[in-house]
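**Q** just the structure for this:
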Amino acid sequence: MDQLTHVLAGMPYPAAFWQILAWADYNGVDSQLREIMRKLPAKTYLSLRDVAVSLERCQLPPNSGNGSGRPPRPA
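**A** This next block holds a predicted model:
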């Protein structure tokens with residue numbers, strides 16, 4: 001999250017997907033975060049938190065968890 005905050009510092013919202021990628025590129029995003037950011041849905045983001053939540057969802061494997069947004073309970 002620290003790196004995301006750094007590369008999106010000063011980003012004016014709302015912002016489209018492509019604007020967020022361009023802003024991050026301009027601010028020197030590393031290749032690993034850039035690759036994750038490419039998976040963001042092509043939509044308009046209202047805030048840094050909106051971007052962060054979407055990035056978190058992009059990193060979760062499909063069908064992980066129990067649908068509640070929480071990790072599954074141990075057996």
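
**Q** what's the separation between Ser47 and Asp30?
**A** 22 Å (CB to CB, to the nearest Å). No exception for glycine: its C-beta is placed from N, CA and C like everyone else's.

**Q** those two: who's more crowded?
**A** Ser47 (13 against 10; other CB atoms under 10 Å).

**Q** ok, the more buried one - contacts?
**A** Ser47 makes contact with Tyr13, according to CB atoms under 8 Å, 6 or more residues apart in numbering.

**Q** which strands and helices sit next to the longest helix along the chain?
**A** Longest helix in the chain by number of residues (criterion: DSSP state H): helix 48-59. Helix 48-59 is packed against helix 2-7, helix 31-37, with contacts defined by 3 or more CB pairs under 8 Å, 6 or more residues apart in numbering; DSSP states H and E.

**Q** nearest residue to Asp50 other than its sequence neighbours?
**A** Tyr13 (7.8 Å; CB to CB, 6 or more residues apart in numbering).

**Q** give me the contacts around stretch 20-34.
**A** With CB under 8 Å, 6+ apart as the criterion, stretch 20-34 contacts 3-4, 6-9, 11, 15, 37-38, 40, 45, 51.

**Q** please redo it, this time with the cut-off set to 6 Å
**A** Gln3, Val7, Met11, Met37 (CB atoms under 6 Å, 6 or more residues apart in numbering).

**Q** count of residues packed around the first one?
**A** As a burial measure, Gln3 scores 14 neighbours (other CB under 10 Å).

**Q** any idea how far it lies from Thr44?
**A** In terms of CB to CB, Gln3 sits 22 Å off from Thr44.

**Q** ok, the second one next?
**A** Relative to Thr44, Val7 is positioned 19 Å away (CB to CB).

**Q** give me the more crowded residue out of these two.
**A** Using other CB under 10 Å as the criterion, Val7 and Thr44 rank with Val7 on top: 20 against 12.

**Q** list the contacts for the more buried one?
**A** With contact taken as CB under 6 Å, 6+ apart, Val7 is in contact with Ala24, Asn27, Val29.
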